[in-house]
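**Q** Provided below for reference: sequence and predicted model.
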Amino acid sequence: MITETRREVCRLHAELVRYDLVAWTAGNVSGRVPGEDLFVIKPSGVSYDELTPESMVVCDLDGKLVEGDHAPSSDTEAHAYVYRHMPEVGGVVHTHSTYATAWAARGEPIPCVLTAMADEFGGPIPVGPFALIGGDDIGRGIVKTLAGHRSRAVLMQNHGVFTIGESPKAAVKAAVMCEDVARTVHISRQLGRPVPIEPHHIDSLFDRYQNVYGQRSAK
Ligand SMILES: [Zn+2]
């Protein structure tokens, strides 16, 4: 299982590049190893085109290195905190993608003004607290904001995006969709006031997409 998770997490980093969510090495994907108290994460400071399944790092749920030749990503503590406190989460992604992070810089949630947002996030994308890297502050802010919330994405104030999913692929998808809606709503704002979607319409869109639409294959 560890080998398979290394391969999957490595492969998914290419998606961050493909969708233009990252600059230099500032973004990472992790995935829980099924059936183990372990997760696989990007090594710190290694460029995306040099990543291999073997260079991925395996950590325990306290974020301690278990297996790997490199130091784990500097965001490992935040990922570990999420895995410890949200057992349903199988993947975590962090980026500083441009438009979503522009909302985070203002500390402003992205309002739910697109049916695609209602589908994917079930409402606005919330803002999490300002938190410094190191220790549990970022992880605590993510969990506090997303626990019991429909959104699988949080805009950490002045920082960037964290997304969660039942798999690493689902978390990557949430990161791609978060940036996409952040950009569209931003552009909409330039020319006027986006029209909010009625809450009961958001509910039915979310319910249909999560339960009926071909979501199963995306996970
Ligand atoms: Zn960051």
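**A** Sure, I can see it.

**Q** any idea where the helices of this structure begin and end?
**A** 2-18, 76-85, 98-106, 115-121, 137-146, 168-191, 199-211 (DSSP state H).

**Q** okay, those in a markdown table with distance to Asn28 next?
**A** The way it works is simple: take the backbone N, C-alpha and C, and place the C-beta from them, glycine included. Formatted as a markdown table, these follow (distance: least, C-beta to C-beta, whole Å):
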| stretch | distance to Asn28 |
| --- | --- |
| helix 2-18 | 8 |
| helix 76-85 | 8 |
| helix 98-106 | 15 |
| helix 115-121 | 21 |
| helix 137-146 | 13 |
| helix 168-191 | 11 |
| helix 199-211 | 26 |
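
**Q** what's the closest of these to Phe162?
**A** helix 137-146 (4.9 Å; C-beta to C-beta).

**Q** counting contacts, what elements does the closest one pack onto?
**A** helix 76-85, strand 127-128, strand 153-156, strand 160-165 (3 or more C-beta pairs under 8 Å, 6 or more residues apart in numbering; DSSP states H and E).

**Q** quick one: closest of those to Ala23.
**A** strand 160-165 (11.0 Å).

**Q** among the helices of the chain, show me which one is buried the most.
**A** helix 76-85 (a mean of 23; mean count of other C-beta atoms under 10 Å).

**Q** mean confidence (pLDDT) on that one, please.
**A** Across helix 76-85, the average pLDDT comes to 98.

**Q** contact partners of it?
**A** Helix 76-85 is contacted by residues 28, 30, 32, 39, 41, 57, 59-63, 73, 89, 92, 94, 133-136, 138-140, 142-143, 147, 162, 164 when judged by C-beta atoms under 8 Å, 6 or more residues apart in numbering.

**Q** Ile125 versus Pro194, what's the distance?
**A** 14 Å (C-beta to C-beta, to the nearest Å).

**Q** likewise for Gly160?
**A** With C-beta to C-beta as the criterion, Gly160 and Ile125 are 13 Å apart.

**Q** residue contacts, the residue nearest the centre of the chain?
**A** Nearest to the geometric centre of the chain sits Thr163, at 1.9 Å (C-alpha atoms, centre = their mean). Taking C-beta under 8 Å, 6+ apart, we find Thr163 in contact with Val92, Val93, His94, Arg152, Ala153, Val154, Ala171, Val172, Ala174, Ala175, Cys178.
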